[in-house]
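Enquirer: Sequence and predicted structure below; questions after.
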Amino acid sequence: MRPLGPKVWLYVSHQQGFPTNGLVVEGAGASVLVDAGWDWREAAWLFDFAAKRLHAPIRDVIVTHAHRDRIGGAGEALRRGARVHALARTIARAHERGQAVPNVTEPEQASLTIGGVTLELFYPGAGHTDDNLVLYLPASRILYGGCFLKSGDAHDLGNIKDADLTAWPASLARLSERFPQRAIVVPGHGALGGDPIARTAALLRAQPTR
């Protein structure tokens, strides 16, 4: 866990042999968790960190898609009484897969203010999955791309089992146009730095047609 900006913390887990990124956004008396972690233990640690270290308990969780590294800890979040936000597509996938089901449906574009902090949610279109949501924090100009974006030094597109390689480039362009003021871009996995949007575009261009 390390500070990424004022009141914004980057958490990195190392399950399954590679680093997975998420955020804790600290508000006035309440925090927002961006992606719930791999499992209930990870979610519990994050909830305890916010409550004991920040004195701002997590009240809301944003799940950016229905893969386990994002939704795995949602059951613990629900057990603790948090509002778990997700797209209708993500909620449908959770039902299909027998996962913990988020309890707040968000539209494809939304602006939320929680604990005095504004978060902008945006669905750029299909890419890594058909439900990959991104999040922007205008106060700190942090764009959280989740698994929709690869790290600036990534060598491949990672897990593309549920990807839409045809739609992804246009979705990527929509994201870039939507948040031109971004200063920090957080990919779903790997180190920060470089240009994750440009790197993802380059990896897509290099991807063999299938």
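Expert: Happy to help now that I have it. Numbering: from 1, shown residues only.

Enquirer: Tell me which other helices or strands the host helix or strand of L78 touches.
Expert: Secondary-structure assignment from DSSP states H and E places L78 in helix 74-79. Contacts defined by 3 or more C-beta pairs under 8 Å, 6 or more residues apart in numbering; DSSP states H and E place helix 74-79 against helix 40-48, strand 58-62, strand 83-87. In this view, the C-beta of every residue, glycine as well, is placed from N, C-alpha and C.

Enquirer: could you give me the average pLDDT of the strand or helix carrying E96?
Expert: In this structure, E96 sits in helix 88-97 according to DSSP H and E. pLDDT averaged over helix 88-97 equals 97, rounded to a whole number.

Enquirer: Residues touching that helix, excluding its own?
Expert: Helix 88-97 is contacted by residues 63-66, 71, 74, 86, 99-102, 105, 130-131, 133 when judged by C-beta atoms under 8 Å, 6 or more residues apart in numbering.

Enquirer: now do 10 Å
Expert: Counting contacts by C-beta atoms under 10 Å, 6 or more residues apart in numbering, the residues outside helix 88-97 that touch it are 63-68, 70-71, 74, 84-87, 99-108, 123, 126, 129-133, 162.

Enquirer: buried residues in the helix holding L78?
Expert: Of the residues in helix 74-79, those with enough neighbours to count as buried (16 or more other C-beta atoms under 10 Å) are 74-78.

Enquirer: which of those lies closest to K7?
Expert: Checking these against K7 by C-beta to C-beta gives A77 as the nearest, at 20.0 Å.

Enquirer: what separates the nearest residue in space to the closest one that is not next to it in sequence from L23, distance-wise?
Expert: By the measure of C-beta to C-beta, 6 or more residues apart in numbering, the closest residue to A77 outside its immediate chain neighbours is V61, 4.6 Å from it. Applying C-beta to C-beta, to the nearest Å, one obtains 11 Å for the distance of V61 from L23.
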